[in-house]
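Engineer: predicted model and sequence follow; I will ask about them next.
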Amino acid sequence: MKDPMKNLILICVAALAVVSSSALPSSMARAQMQVRKALINQDIVQMVKAKFPDSTIIKLIKANETSFDLSANAMIELKVAGVSQNVIETMLSTNIKPTQNAGMTVFPRQPPPASLPPSAPTTAPANKSQEVPDEIGVYYPQKDKLISIDPEIVNWKSGGVAKEYATLFWDKGHVNGTIRGPHSNLDLTYSSGASMRMMGVGGVLEFYLRTRDGDSASEYQLLKFWEKSDRREFRTFTGGVFHASGGAQDNLLEFKFEKIAPRTFKVDLSNLSPGEYGFLPPGSFASSSAASQGKIYTFRILE
């Protein structure tokens, strides 16, 4: 008969062997889990594709060993893959630790890239002076700035009053304008040289009209003056159809314009002969039956 105590000991030893053998894989798994793999660029890209928030990715970077490729090409690949700037800067600011990968060169910590200046606009503004005048008036460009033309006083005297009554006021008559002095204070030229930039390319004079609310450049009159020894004169008309020819037609010139902003128009003048000119704004006729005054924006074109 066998000893019961020996049998008990054998049973316990067998049980311990079974328990130890079953626990070994679990212990090995835990040991393997404790070995952390260094994070690489691809890990970050995969987390971004899995739509992890930046805050989670940043915490993971700070909590683990890293072995990031911080070269310029690698940074470009991260940006193309959708990695945010905050995550990239966190990767750059993380201390680089040596890894066990054979043949890998560990570079020192790289500073974050400097901020790039904003890109230039792809399209140029319509106004080459890159500004729109604030005050009502007439302007011309000079060295990428708009220069205001000081208005001159024009003295009016009406004409054709008798004809107004004869035509039952369908013809409002013409008015004669006189400006003191033989020449304008503003001299312009089509010739080449330093003034060509101000004039524009191809022999075109540029002007900019800033109008009142409700007015248009079509309501301005471009006039060429008769030159006298001590004054400049012209004839224009306030309305009607009878004086749309004759003396008024000799002074009135057509011009092209383009609206570039609210109440702002660009005017191009080409092939004007040398002489005295002016832009007459709407509403300058204080009276059509008595002497009165208004204003006009004048310039002179030289040979």
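Structural biologist: Arrived safely. Numbering: from 1, shown residues only.

Engineer: residues near Leu92, how many?
Structural biologist: Neighbour count of Leu92, defined by other CB atoms under 10 Å: 16. In this view, the C-beta of every residue, glycine as well, is placed from N, C-alpha and C.

Engineer: domain parsing for this structure?
Structural biologist: 30-110, 137-301 (automatic domain parsing).

Engineer: ranking those by mean neighbour count, which comes first?
Structural biologist: Burial of the domains of the chain is given as mean neighbour count (mean count of other CB atoms under 10 Å); domain 137-301 ranks first at a mean of 16.

Engineer: now do the end-to-end distance for it.
Structural biologist: One end of domain 137-301 sits 20 Å from the other (CA to CA, to the nearest Å).

Engineer: re earlier: for the domains of the chain, give me CSV that also has distance to Glu131.
Structural biologist: Listed next are the domains of the chain as CSV, based on distance: least, CB to CB, whole Å:
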stretch, distance to Glu131
domain 30-110, 34
domain 137-301, 6
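
Engineer: redo those domains as a markdown table? Include mean pLDDT.
Structural biologist: Output for the domains of the chain, formatted as a markdown table (pLDDT from 0 to 100):
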| stretch | mean pLDDT |
| --- | --- |
| domain 30-110 | 79 |
| domain 137-301 | 77 |
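
Engineer: tell me which element Phe52 falls in.
Structural biologist: Using DSSP states H and E, Phe52 sits within no helix or strand.

Engineer: what about Gln142, distance to Val204?
Structural biologist: 15 Å (CB to CB, to the nearest Å).

Engineer: then Gln293?
Structural biologist: Gln293 sits 33 Å away from Val204, going by CB to CB.

Engineer: same question for Lys79.
Structural biologist: From Lys79 to Val204 the distance is 46 Å (CB to CB).

Engineer: I figured Glu219 hits Leu280, correct?
Structural biologist: No. Between Glu219 and Leu280 there is no contact under CB atoms under 8 Å: 9.6 Å.

Engineer: all helices for the protein, in order.
Structural biologist: Listed from the start of the chain, the chain has helices (DSSP state H) covering 4-34, 41-49, 54-63, 72-80, 85-93, 161-166, 196-199, 247-251.

Engineer: other residues contacting the third one?
Structural biologist: Same thing as helix 54-63. 39, 44, 47-48, 84, 86-87, 90-91, 94 (CB atoms under 8 Å, 6 or more residues apart in numbering).

Engineer: cutoff 7 Å now
Structural biologist: The contact list for helix 54-63 (CB atoms under 7 Å, 6 or more residues apart in numbering) reads 39, 44, 47, 84, 86-87, 90-91, 94.

Engineer: any chance of those in TSV, plus distance to Pro262?
Structural biologist: Formatted as TSV, these follow (distance: CB to CB, whole Å):
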residue	distance to Pro262
Leu39	56
Ile44	50
Met47	50
Ser84	40
Asn86	41
Val87	45
Thr90	47
Met91	49
Thr94	53
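
Engineer: show me which strand runs longest in this structure.
Structural biologist: The residue-count maximum for a strand in the chain (DSSP state E) belongs to strand 292-301.

Engineer: separation between Gln85 and Ser270?
Structural biologist: Distance from Gln85 to Ser270, by CB to CB: 51 Å.
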